[in-house]
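Chemist: Turn this into a structure:
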Amino acid sequence: MSGSPARRRKPRFDVVAIGEINADLILSGDVEPAFGQAEKLVHDANLCIGSSAAIFACGAARLGLNTAIVGKVGRDVFGEFMTDSLAARGIDTSAVVIDQEIRTGLTVILSKGQDRAILTYPGTISTLRYSEIDFSVVHRARHLHLSSFFLLDSLRPDIPRLCREAREAGLTVSMDTNYDPAEKWDDGLQEALRHVDIFLPNAAEAEAIAGQELAENAMEILAEKIPFVAVKLGEQGAMAKQGAAPMIVLDSRKVDVVDTVGAGDSFDAGLLFGFLRGWELREALELALCCGSLSTRKSGGTDAQPDLDEAMRFIRANGGQERKA
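Modeler: Okay, here's the model as predicted:
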């Protein structure tokens, strides 16, 4: 269906996530490979929902947002696993493209607590095209969230157009670029960011994109171009700035960490929940940090994601202190 701007109908979805869809195979324990045909035993292996777009969608749905996802999978066991798992969490998968020729992407994560190595077979991840996006789903959403800008090779040239048309159709737009494997940090990104309302990088990504060595300086530069910027600082919490208001920096929330996979995507879900509900910036950032922290309590990115009641109880019991930027 054509992506030309159209008069908005009453939204059916709070948010539509667009990006990669792939499974994660998480191996934990003594996971450093030993070549030379040596066999090592690991502590655990877990096949679970992977990819930033899918983990974000799960986090948003868990909080109570009516969520749809757009992406591509192959007609294979991993593709079926992903679409079934997303649908089981109440996410609309009607706009997921099933490719007959290309296998679903797969990420193998070698997890060592708060550190990890990642091996990804791109498969369908890089092949989603603008012409394959079902805009009848996009135009029924209030908000569009795009993840993994640098992995969407076939879509990337049209992402500025996609973001612009979404805004013209009445949606707000957010983006989490994730890491750039080529470490070029552009390839149309600056043009796309002109049509983004909320930008959600981590500190390293913000510094690379803004050309700065400190996250605080990167934030200031990005906030001159984008209305709402939140930068994830890992164990140090997060900072956010909206419009002309002062920057807010909050400390992280302490939990017993099992696996940090997808914590940033859960953070994004929490922040956008607050944004879409019209919360004050500090309240939205509190929820984002809570969702990111709680998601690390189990292996994989989705099994420990909180619902809104659990998140609010955690915030009341463990609310962090605001600190000066």
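Chemist: phi, psi of the residue lying farthest from the centre of the chain?
Modeler: Distance to the chain centre peaks in the chain at Gly36, reaching 37.1 Å (criterion: CA atoms, centre = their mean). When read as degrees, to the nearest 10, the backbone of Gly36 gives phi 90, psi 30.
Chemist: quick one: the closest residue in space to Leu25 that isn't next to it in sequence from Met219, how far?
Modeler: Once flanking residues are discounted, Leu25 sits nearest to Val108: 4.9 Å by CB to CB, 6 or more residues apart in numbering. All C-beta atoms are positioned from the backbone trio N, CA, C, and that covers glycine. Counting by CB to CB, to the nearest Å, the gap from Val108 to Met219 is 33 Å.
Chemist: Next up, phi/psi of Thr83, please.
Modeler: phi -70, psi -40.
Chemist: quick one: contacts for it?
Modeler: Thr83 makes contact with Val73, Thr93, Val96, Ile98 under the criterion CB atoms under 8 Å, 6 or more residues apart in numbering.
Chemist: Is Ala230 in a helix, a strand, or coil?
Modeler: Assigned state for Ala230: strand (three-state reduction, DSSP: H, G, I helix; E, B strand; the rest coil).
Chemist: Which parts of the stretch 1-150 of the chain are helices?
Modeler: Remark: helices assigned in the stretch 1-150 of the chain by DSSP state H, counting those that start in this stretch are 52-63, 77-88, 135-138.
Chemist: now swap in the stretch 201-325 of the chain and tell me
Modeler: Assigned by DSSP H, counting those that start in this stretch, the helices in the stretch 201-325 of the chain fall at 203-210, 215-223, 263-276, 281-294, 308-318.
Chemist: Point out the most buried one among those.
Modeler: Most buried of the helices of the stretch 201-325 of the chain by mean neighbour count (mean count of other CB atoms under 10 Å) is helix 263-276; its value is a mean of 27.
Chemist: Tell me the helices and strands packed up against that one.
Modeler: If contacts are counted by 3 or more CB pairs under 8 Å, 6 or more residues apart in numbering; DSSP states H and E, helix 263-276 sits against strand 13-18, helix 52-63, strand 141-147, strand 172-176, strand 198-199, strand 228-232, helix 281-294.
Chemist: Can I get it as PDB, trimmed to CA atoms?
Modeler: Output in PDB follows, covering the C-alpha atoms of helix 263-276 (Å, rounded to 0.1, in the frame of the first residue of the first chain):
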ATOM      1  CA  ALA A 263      17.400  -3.400  28.800                       C
ATOM      2  CA  GLY A 264      17.700  -0.300  26.500                       C
ATOM      3  CA  ASP A 265      14.600  -1.400  24.600                       C
ATOM      4  CA  SER A 266      12.600  -1.900  27.800                       C
ATOM      5  CA  PHE A 267      13.800   1.600  28.800                       C
ATOM      6  CA  ASP A 268      12.400   3.000  25.500                       C
ATOM      7  CA  ALA A 269       9.100   1.300  26.100                       C
ATOM      8  CA  GLY A 270       8.800   2.900  29.600                       C
ATOM      9  CA  LEU A 271       9.800   6.400  28.400                       C
ATOM     10  CA  LEU A 272       7.300   6.300  25.500                       C
ATOM     11  CA  PHE A 273       4.500   5.000  27.700                       C
ATOM     12  CA  GLY A 274       5.000   8.100  29.900                       C
ATOM     13  CA  PHE A 275       5.200  10.300  26.800                       C
ATOM     14  CA  LEU A 276       2.000   9.000  25.300                       C
END
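Chemist: Kindly state the beta-bridge partners for the residue nearest to Leu25.
Modeler: Leu25, Leu119 (DSSP bridges).
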